[in-house]
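Enquirer: output the structure for:
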Amino acid sequence: MVINGHRNHAAIEGVAEEARSLGVRAITVLADVGDPAAVHTMVDRAAEELGSLDILGPVRNQLLDLIDRLIGSYRSIRRGSRCEG
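Expert: Predicted coordinates:
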């Protein structure tokens, strides 16, 4: 299990510790999911440390491409709203 957070490592580590106490392999990763490079790094680290990504496994690249497009669209919309307003 990957526990993600953006700023508070202690909080996500607490969640991971609870998962571990139940016998779940868990890692924590601080990553801004609004940053495509950070998402890629998080997924790569998860695969490296956990051996595989059962949920993302077969669709990993498609999911990462979708995330990249969604973030790009979000940024375009935000730029547009700043120009208009």
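
Enquirer: what about the longest helix in this structure?
Expert: helix 60-84 (DSSP state H).

Enquirer: just give me how far that one sits from the chain centre.
Expert: 15 Å (Cα atoms, centre = their mean, to the nearest Å).

Enquirer: next one: stretch 33-50
Expert: The chain centre lies 6 Å from the centre of stretch 33-50; the measure is Cα atoms, centre = their mean.

Enquirer: may I see the buried residues of it?
Expert: Neighbour counts over stretch 33-50 (16 or more other Cβ atoms under 10 Å) mark 36, 38-39, 42-43, 46 as buried. For glycine as for every other residue, the C-beta is placed from the backbone atoms N, C-alpha and C.

Enquirer: for residue 23, helix, strand, or coil?
Expert: Put simply, residue 23 is coil when judged by DSSP: H, G, I helix; E, B strand; the rest coil.

Enquirer: need the pLDDT of it.
Expert: With respect to pLDDT, residue 23 scores 89.

Enquirer: how much space between it and residue 1?
Expert: Between residue 23 and residue 1 the computed distance is 11 Å (Cβ to Cβ, to the nearest Å).

Enquirer: between these two, which is the more surrounded one?
Expert: Neighbour count, other Cβ atoms under 10 Å: between residue 23 and residue 1, residue 1 has more, with 14 against 6.

Enquirer: residue 46 contacts residue 4, correct?
Expert: No - using Cβ atoms under 8 Å, residue 46 is not in contact with residue 4, being 9.3 Å away.

Enquirer: overlap in contacts, the two.
Expert: residue 29 (Cβ atoms under 8 Å, 6 or more residues apart in numbering).
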